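S.K.: Okay, predicted coordinates and the sequence, questions at the end:
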Amino acid sequence: MGTYNAPNFSLSDTMSTTNRVLAGPSGDCCFTGFKHEGTPVGNKTTIADVPTYFVQDTAKGSEAGKRILIYLADVYGPFYQNNMLVQDFLAQNGFTVLGIDYFMGDPVHSHNNEQGFDRAKWMEKSHKSAREVLPKWWEAVKGKYGTEAKYCVVGYCFGARYTMELSDDDAIVAAALAHPAFLNEDHFRNIKKPLMLSCAETDHTFPLQSRRIAEDILVGRKAQYFFQVFSGVEHGFASRSDPSSPDGRWGKEQSAHGVALWFHRFIDESFHRELGANL
């Protein structure tokens, strides 16, 4: 797949009955990036026969067990070094993080240097797998942690579509996206939960014009939303940015901080009362 080119939108069309693409399919920018250094602290477990990355804020103990953060990874999957480190960071901010491997052990980087690798065929297979395993996995998660837990979901690139769809469930309190792919107008029209978008200044998958149309739709619906946009970074910055780049490092760190704070806003009132007391 090559670079995705956004359609020629008019802002006057944003509240029409069309359902055009806003965040396009994965392009070259979704399959490149830098591997980060660190030692992941989470573990591999299985939920509903689906491999899952599990990491919990041990300092918070049972309290963190009531805040369940669902992590829907990009094409590198939840067990990629960078994604494990992001999940670890989110957990350290008071969550139990569950990263579903909807690729079922076949992330895109397992095909690095593979002669004749058909990326489009792999993508089709991966979406089919995600549609099949995510519903049963999600039901098992709710069965495991119960109705008293508060659930939130964040999706990176490939995971964005499934984040928006999972947000239809009443159990989800809030949602977040980072440099999303595979979204159309109706995803934004139909969102019923608070939505955060962590965006790159340069993003051929979710370009400026599409981002503004998405915002117009959210404004028109009087949705509860929050955009953060980082200059000097490109698609993938929130998980695969260049660690030697000040902009890349700042964007990645602040994106993760923003996601954690966004979720705390809606699932933990005491946290925000404490935060406000310090301002």
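M.R.: That came in fine, so what should we check first?

S.K.: what number of residues lie near Arg131?
M.R.: The local packing count at Arg131 equals 13, with neighbours defined by other CB atoms under 10 Å. All C-beta spots, glycine's among them, are computed from the backbone N, C-alpha and C.

S.K.: same question but for Ala181, I mixed them up
M.R.: For Ala181, using other CB under 10 Å, the count is 27.

S.K.: cool, and the one 5 residues further on?
M.R.: Neighbouring residues of Asp186 were enumerated by other CB under 10 Å; the total is 15.

S.K.: repeat for Trp137
M.R.: 23.

S.K.: Which element, helix or strand, includes it?
M.R.: Assigned by DSSP states H and E, Trp137 belongs to helix 119-145.

S.K.: what is the rounded mean pLDDT of that helix?
M.R.: Helix 119-145 shows a mean pLDDT of 96 in the predicted model.

S.K.: contacts for the next helix or strand after it?
M.R.: If you walk from helix 119-145 toward the C-terminus, the next helix or strand you reach (DSSP H and E) is strand 150-156. Residues lying outside strand 150-156 but in contact with it, judged by CB atoms under 8 Å, 6 or more residues apart in numbering, are 66-74, 83, 90, 141-142, 145, 161-164, 166-167, 171-180, 238-239, 259, 263, 266-268.

S.K.: got a list of what Leu183 touches?
M.R.: With contacts defined as CB under 8 Å, 6+ apart, the neighbours of Leu183 are 21-23, 160-161, 164, 206, 214.

S.K.: so where's this structure uncertain?
M.R.: Applying pLDDT under 70 to the chain flags residues 1-17, 26-34, 36, 60-62, 269-279.

S.K.: can you rerun that using 80?
M.R.: Under the criterion of pLDDT under 80, the regions of the chain flagged as low confidence span 1-17, 24-38, 58-65, 241, 269-279.

S.K.: buried sites along the longest strand anywhere in it?
M.R.: If each strand of the chain is counted by residues according to DSSP state E, the longest one is strand 225-234. Neighbour-count burial for strand 225-234, with 16 or more other CB atoms under 10 Å as criterion, is recorded at 225-226, 228, 230, 233-234.

S.K.: Going along the chain, name the strands of this protein.
M.R.: 21-23, 43-47, 50-56, 67-72, 96-100, 150-156, 172-178, 183-184, 195-202, 225-234.

S.K.: roughly how far apart are Asp88 and Glu124?
M.R.: Shown here: Asp88 relative to Glu124, a distance of 31 Å by CB to CB, to the nearest Å.

S.K.: Tell me what angle the longest strand of the chain forms with strand 195-202.
M.R.: Taking axes from the mean of the first three to the mean of the last three CA atoms, to 10 degrees, one finds strand 225-234 and strand 195-202 inclined to each other by 20 degrees.

S.K.: Only the C-alpha atoms, please, for strand 225-234, written as CSV.
M.R.: Taking Å, rounded to 0.1, in the frame of the first residue of the first chain, the C-alpha atoms of strand 225-234 are listed here in CSV:
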residue,chain,number,x,y,z
TYR,A,225,-13.9,15.7,22.9
PHE,A,226,-10.3,16.8,23.1
PHE,A,227,-7.7,17.2,20.4
GLN,A,228,-4.0,17.4,21.0
VAL,A,229,-1.8,18.1,17.9
PHE,A,230,2.0,17.9,18.0
SER,A,231,4.2,19.8,15.6
GLY,A,232,7.3,18.3,14.1
VAL,A,233,6.0,14.7,14.2
GLU,A,234,4.4,12.3,11.8
